[in-house]
Structures are given as structure tokens and as C-alpha cells.
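Peer 1: got a predicted structure here, sequence first:
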Amino acid sequence: TIAGDSSASNFPATLQAGNHSWTTGRVGGALSLDGSGGFTSGNLNYPTADITLSGWIRRDGNQAAYTGLVFTRGGTSVSGLNFHTNNTLGYHWDGQYWSLNSGLTVPDGTWTFVALAVTPTSATIHMDPGTGMQSWTNTAAHAVEAFDAGMSLGWDPAYGADRAFNGELDDIRIHCSALDANAVTALRDAGTPPTLPMPLALWSMNDSGNLGRDDSGNGNPGTITGATSSAIGAGGHTGGSLSFDGTDDHFAAPVGILSGANAFTFSGWVYLDSVDYWSRIFDFGSNTGVNMFLTPRNGGNGTVRFAITTAGGGGEQRIDGTAPLPSAKWTHVAVTISGSVGKLYVDGAVVGTKTDMTLAPADLGATTNNFLGKSQYPDPLLNGLLDEVALFDTALTDAQIAAIVKFGLGAVSSPSGDLALRLLGVESGGATTTLSLQVLGMVPGTDYHLESSTTGLGFADLLSAGTITTSTTQPIQVQVGSSTTRLFLRASQGAPGP
């Protein structure tokens with residue numbers, strides 16, 4: 001069993017002993033350990049006295065003294081972040097300072113940000129359980145540590161289960177420098193996705209019996225011609241997806257869906273079987289004179305391109321990327337227009353910007369041919385898959401686009417903007433299922449009204465699911481009945497209702 005390394009350094013950690021499971025994390029998933037063992041990476045071979053170790057932890061009960069969190073022991077090295085005694089944080093460095101107690105007590109059952117920043121002259125432990133950052137510093141010489149062994153997650157491998165963590169770990173990071181207090185705070189905040197507005201349309205493409213269903217709740221279903229479902233759990237970036245054969249398949253959104261949009265965002269995942277010149281991811285318009293489109297490969301300079309026009313090809317306002325979209329891999333693409341600024345994104349990064357835009361979707365009028373996978377022109381049809389396609393009648397920020405790529409559209413907020421649930425909906429598969437939902441922004445000791453819908457995020461059929469008084473920021477547990485195929489949830493303070 002492997003805990004992957006999301007950096008480019010390629011240091012995955014492998015289960016060495018004990019039991020583990022994967023569970024709902026502070027953001028996304030998390031590693032759950034039961035106090036019987038842990039994971040260890042390959043040999044770092046990184047001599048330094050300038051480093052930061054950080055992550056999110058949630059302890060389950062009392063921890064043994066000197067339990068390892070992010071810790072190395074092997075070769076000539078004994079260093080890392082660990083528990084001291086009585087659930088307080090401590091650390092080792094080059095076999096020293098293990099007896100020092102920071103006095104920072106990690107609360108039980110609460111996601112807590114922790115970090116250790118070491119310089120040649122000091123070491124600082126930071127902790128934030130959701131009530132504000134606390135810090136403790138040991139001002140003393142810290143020699144260069146060899147780090148000539150693997151980095152262990154959730155244990156001190158020399159002591160096995162006697163110093164193994166019982167709880168959850170998430171977003172563990174090793175930085176090759178000692179971050180200052182401001183940078184540590186920014187690192188803590190980096191794991192919290194920004195709230196997104198509600199989409200105008202959300203085509204999740206997960207329901208094989210209703211592929212055009214609009215999961216935004218705004219009543220904007222699409223019409224499918226030829227395209228078929230790619231199996232849930234196999235063919236989609238998230239759940240299922242819509243498969244286009246490049247011959248006669250396309251998807252049509254409702255007439256005039258963006259007719260009132262003076263700003264907009266397109267967001268979606270694409271998997272291309274072939275990258276054909278002038279094929280379309282989307283093309284919304286009424287004819288070759290009035291349209292806007294996104295092609296994975298334009299016939300001029302060969303890059304991904306967005307264009308919008310009310311005067312045919314010669315009047316296009318264009319945003320070109322730096323390369324064509326790749327084939328045989330899932331890629332996120334997005335386009336935004338806000339005032340005079342248009343942006344093109346690939347996998348969350350801006351690849352093209354135009355600062356003198358004068359057109360927006362509203363200028364195209366009530367467009368009649370709003371296609372996914374098809375052009376207004378006799379261009380090649382899309383050959384590949386689309387998934388989680390969303391339209392917004394506002395321009396998302398760079399951070400919000402990046403959040404969709406990193407966290408998924410589960411960061412979308414409720415219509416009232418009270419709180420964001422980390423899950424849009426689930427497929428129950430015909431069995432009763434208990435869900436653990438992470439709520440962003442939950443305040444301990446506050447009453448929240450939980451409401452549910454089986455149709456979408458518009459919550460037209462909201463039903464009260466009870467009131468929850470939170471004593472901690474633990475995820476909410478919700479049971480989904482065997483007759484429910486899809487469930488959407490909202491938590492809000494005060495009186496229930498939209």
C-alpha cells in the first residue's frame with residue numbers, strides 16, 4: 001500500500017507495518033492509522049539544517065509518548081515532528097531536544113494544523129486546531145542533519161506500535177527551507193479551498209439513464225445525440241463521463257443559456273482520444289457568424305484556442321494557449337471573461353490572457369446551437385470523453401479555478417452561501433450508506449440545520465434532515481437510504497430554508 005507523493009520529487013511512502021484505511025480528510029481524502037504501524041518513504045539523502053515539516057492531523061484518543069508524526073530514524077539520522085507527553089507536541093533533531101515539551105496540546109478529534117520549522121539557530125513548532133495559530137520556539141544550535149533514511153508518517157519505526165499514531169493524517173509536506181510565521185500561516189490556509197458561486201449549469205454526466213441531467217438545480221438539461229455513458233468508476237474523471245466517438249456524437253445545451261451572461265466561466269474535464277484540428281470542446285452560437293468556442297488545437301498555430309465573435313471568423317477575439325491539449329489523459333480546461341479580461345486555463349494554470357475583450361456571451365444573443373463536442377462549422381467532431389462540465393454566469397478567479405482542479409466541484413457553496421459541503425452528491429448503489437461530510441467553515445458550538453435534496457443543488461425539493469449542534473469541527477455523519485440514488489446536502493445557520 002502506497003501513499004503517493006504529489007510533488008515532483010517522487011518520494012512515495014509505503015506501509016511498513018500495522019493497519020490503515022483511507023477516509024474523509026481535512027481536504028479530500030486522508031490516511032487513517034490505528035496505532036499499530038505506519039508508512040515510510042525512500043531514503044531522502046538531503047543533508048540540511050533548514051527545513052519545514054507540516055501537515056494536518058486528527059488524533060483519536062491519547063497518544064503514546066514520542067509517537068512519530070513526520071519523523072526519520074535510520075542511518076545517522078533521528079529527527080522530526082512527534083508527540084511529547086500528554087498529547088503535547090515535541091520534536092527530535094539530530095538525536096537531541098527530544099526531552100523539550102512545547103506545551104502545545106493537540107485536541108482530541110479535531111483537525112489540527114501542525115508544523116516544525118528548523119534553522120541552524122532555532123526550531124519552531126506551530127499548531128492551529130481551528131482557534132488560531134500557536135507557536136513555541138527553542139532557540140539553540142541545530143546541526144546539519146543527514147536525512148540519510150526514509151521519512152516516516154505516523155510512527156517512529158524503531159519502536160513500532162509503541163510509538164505509532166492513532167488517528168488521521170492529511171496533506172503532509174516537506175519544504176526544503178525553514179518557513180517563517182507568515183509563510184506557515186499561508187501554508188495552513190493553502191489547504192482550504194475558496195468558496196465557489198453556484199453554477200448556472202452542471203452536467204456531471206454520472207447518471208447513465210439521464211446523461212444530460214443538470215445537477216445545478218437550475219433546469220438546464222442537455223440533449224444527447226449519439227454520445228454514450230462511460231461507466232461510473234471506470235471511464236470518468238469523477239464518476240461517469242460522456243463518450244464522443246468523433247463521428248456523429250454531440251451534446252446540446254438549452255437555447256439562450258448564456259444570453260444574460262455579461263461575464264462567464266466554462267469549466268470541464270476532457271480526455272482526448274485524438275487531438276484533431278478545429279474539433280470542439282464547446283461551441284455556443286447560432287451560426288458561423290455568431291459564436292464562441294474552445295478547440296483543443298487550432299489550425300493556425302496549433303495551440304488550444306478560445307474565440308468569440310459576432311462578425312464571423314475575421315472578427316474573432318481570440319485567446320491562444322501555449323500548446324495543443326494532450327491526448328490520452330484527463331485535462332481540466334476553463335475559460336473566463338470579466339469585463340475586458342479573458343483568460344484560458346489548462347489544469348488550473350493560466351495559459352493565455354487577453355486584456356482588450358469587448359465581447360461577452362450576452363452579446364451573442366439567445367444562441368440556438370449550444371454544443372459540446374460539435375462546431376458551427378463542418379469541423380471534426382470531438383473524439384474522447386467529457387466530464388463535470390459547468391457554466392457560471394460570473395468569472396471565477398485564478399484561485400477558484402485552481403480549487404476546482406485540486407478539490408473538485410465539491411467546493412461549490414450552498415445557494416445561501418452559508419457553508420460549503422465537501423461533497424455535491426453520491427451514488428448509493430442501491431445500498432444504505434453512511435456518509436462522512438466535511439463542512440467548510442463550521443463553528444464549534446453552533447446549531448446547523450441540515451437539509452437534503454435528491455434533484456440538485458437548486459434545492460427545489462429541500463427536506464429538513466434535522467438540527468446538529470456541533471461541539472467540534474468533526475464531519476457530519478449522514479445516512480443515505482437504499483432507495484436514494486443521489487443526495488445533495490446543505491448545512492446552514494439559523495432557520496432552515498433557501
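Peer 2: Yep, that arrived.

Peer 1: can you check the pLDDT for the nearest residue to M127 once chain neighbours are set aside?
Peer 2: Nearest residue to M127 in three dimensions, chain neighbours excluded: L104, at 4.5 Å (C-beta to C-beta, 6 or more residues apart in numbering). Any C-beta I mention is one placed from the backbone N, CA and C, and that applies to glycine too. pLDDT, L104: 97.

Peer 1: and if you look at V27?
Peer 2: Note for V27: predicted pLDDT of 67.

Peer 1: how about the one 10 residues further on?
Peer 2: In this model, G37 is scored at 89, pLDDT.

Peer 1: now do the same for the nearest residue to S102 once chain neighbours are set aside: helix, strand or coil?
Peer 2: Nearest non-adjacent residue to S102, counting by C-beta to C-beta, 6+ apart: W136, 4.0 Å away. W136 falls in the strand class when you classify it by DSSP: H, G, I helix; E, B strand; the rest coil.

Peer 1: I'd say W136 and L104 touch.
Peer 2: Yes - using C-beta atoms under 8 Å, W136 is in contact with L104, at 5.8 Å.

Peer 1: overlap in contacts, the two.
Peer 2: L89, I125 (C-beta atoms under 8 Å, 6 or more residues apart in numbering).

Peer 1: neighbours of G246, just the number please.
Peer 2: 16 (other C-beta atoms under 10 Å).

Peer 1: gap between it and T309?
Peer 2: Going from G246 to T309 by C-beta to C-beta, to the nearest Å gives 25 Å.

Peer 1: tell me where the model's unsure across the chain.
Peer 2: Applying pLDDT under 70 to the chain picks out residues 1-11, 27-28, 191-195, 231-239, 406-498.

Peer 1: again, only this time at 50
Peer 2: 8, 232-234, 410-444, 455-466, 468-487, 493-498 (pLDDT under 50).

Peer 1: could you pull out the helices for it?
Peer 2: 181-190, 398-407 (DSSP state H).

Peer 1: V70 is nearest to which of those helices?
Peer 2: Among the helices of the chain, the nearest to V70 by C-beta to C-beta is helix 181-190 (13.5 Å).

Peer 1: the closest one packs against which elements?
Peer 2: strand 51-59, strand 112-119, strand 122-128 (3 or more C-beta pairs under 8 Å, 6 or more residues apart in numbering; DSSP states H and E).

Peer 1: check which residues of it are buried.
Peer 2: V184, T185, L187, R188 (16 or more other C-beta atoms under 10 Å).

Peer 1: repeat that for stretch 250-269.
Peer 2: Buried residues in stretch 250-269 (16+ other C-beta under 10 Å): 250-254, 257-258, 261, 263-269.

Peer 1: on that earlier part again, looking at the helices of the chain, which is closest to T331?
Peer 2: Across the helices of the chain, closest to T331 is helix 398-407 (C-beta to C-beta), at 9.8 Å.

Peer 1: what helices and strands are in contact with that closest one?
Peer 2: By 3+ C-beta pairs under 8 Å, 6+ apart, helix 398-407 packs against strand 264-272, strand 330-338.

Peer 1: sorry, back to before: what's the neighbour count on the residue nearest to S102?
Peer 2: Using other C-beta under 10 Å: W136 sits among 18 other residues.

Peer 1: and A141, by the same measure?
Peer 2: Neighbours of A141 (other C-beta under 10 Å): 11.

Peer 1: no further questions, thank you.
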